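Visitor: One predicted model, sequence on top.
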Amino acid sequence: MKIAGYEQLMEHLDDMPEKYDDLLRRLDRHYRSGTIQRTRAKLDIYEVVQNYNNYLAEHESWYGQDRYHNTISDAQINFYLNDPYFLNHITRLNQAINTSMRELVRWRIVAIRIFHEINELLGENRQTVPDIARTTSLNSASESSKYVGTYVLSKGPKNTDLGSRLEVTSNKNDLFIQYRDEREPIQLRIMHETKPWFVLNRFASTVFRFEHSGPNTISVVLGNHDQTSWVKMDDN
């Protein structure tokens, strides 16, 4: 919904039929909270980057020289390879980005739920739900079934929350994943409109990209950790 259209809707909120009252007011609160969250996340990321640039300008003599001459000195290379401040900065930046992503994904899940409630109220005039707004992992049971299986870690760190083995199951159009000490499978929620990329509600900064490295593979982006690669075990 475009901002102008949203503002016009809110201006006429009191004129709406009573049956829409609760839903539209929830939509209003959700929209405003999302705006606040996105603004705060952008400011947090900007602050991390700005503090980093200020540190370089104040403490690293190569910073101004290399920028002025458009060169990469040995001192700059040594800084990126060995200075702990650079690793600390990358960690802080990842944390800020992960927080932003987690809030965005959770906000989006609620927004999709409200969209479906509005669509149901439209009755015969309801819209066709676009793929990006579906509540299921995939469009069909046949799509989800091809990803079912046991995947083992083939590349990346072994000391992550995921462990070294992923169990992917399906129920109709939905995919579920179980890892390490999780007692129950967790639903994978759509993240990309056309690609089989998913997130978990509780760990929204962890992205599961099926077939990213070819058939029967999963590439997992683990927020602050390195990327991991997984391969499906042969059923035989």
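Guide: Looks like it came in fine.
Visitor: what about the helices in the protein?
Guide: For the chain, the helices defined by DSSP state H occupy 3-11, 21-59, 61-69, 74-82, 84-121, 141-145.
Visitor: Can I get these in TSV including distance to Asp161, mean neighbour count and mean pLDDT?
Guide: Using the backbone N, CA and C atoms, a C-beta is placed for each residue, glycine as well. Putting the helices of the chain into TSV (distance: least, Cβ to Cβ, whole Å; neighbours: other Cβ atoms under 10 Å; pLDDT from 0 to 100) gives the following:
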stretch	distance to Asp161	mean neighbour count	mean pLDDT
helix 3-11	38	11	69
helix 21-59	23	14	86
helix 61-69	37	13	93
helix 74-82	28	12	95
helix 84-121	13	15	83
helix 141-145	24	15	88
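Visitor: Please identify which of the ones you listed is closest to Ser164.
Guide: Closest to Ser164 of the helices of the chain is helix 84-121 (Cβ to Cβ; 22.6 Å).
Visitor: helices or strands up against the closest one?
Guide: Applying 3 or more Cβ pairs under 8 Å, 6 or more residues apart in numbering; DSSP states H and E, we find helix 84-121 packed against helix 21-59.
Visitor: mind running it again at 10 Å?
Guide: helix 21-59, helix 74-82, strand 189-190, strand 197-199, strand 206-210 (3 or more Cβ pairs under 10 Å, 6 or more residues apart in numbering; DSSP states H and E).
Visitor: So which elements touch the first one?
Guide: Other elements packing on helix 21-59 under the criterion 3+ Cβ pairs under 10 Å, 6+ apart are helix 3-11, helix 61-69, helix 84-121.
Visitor: same thing but at 7 Å, please
Guide: Packed against helix 21-59, as judged by 3 or more Cβ pairs under 7 Å, 6 or more residues apart in numbering; DSSP states H and E, are the following elements: helix 61-69, helix 84-121.
Visitor: Kindly report the same for the third one.
Guide: Helices and strands in packing contact with strand 189-190 are listed as strand 197-199; criterion 3+ Cβ pairs under 7 Å, 6+ apart.
Visitor: quick one on the thing from earlier: switch the helices and strands packed on helix 21-59 over to JSON lines; also include distance to Leu13.
Guide: Formatted as JSON lines, the helices and strands packed on helix 21-59 follow (distance: least, Cβ to Cβ, whole Å):
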{"stretch": "helix 61-69", "distance to Leu13": "52"}
{"stretch": "helix 84-121", "distance to Leu13": "14"}
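Visitor: out of these, which comes closest to Gln37?
Guide: With distances scored as Cβ to Cβ, the stretch of the helices and strands packed on helix 21-59 nearest to Gln37 is helix 84-121 (4.7 Å).
Visitor: just how off-centre is that closest one within its chain?
Guide: Chain-centre distance of helix 84-121: 6 Å, with Cα atoms, centre = their mean, to the nearest Å.
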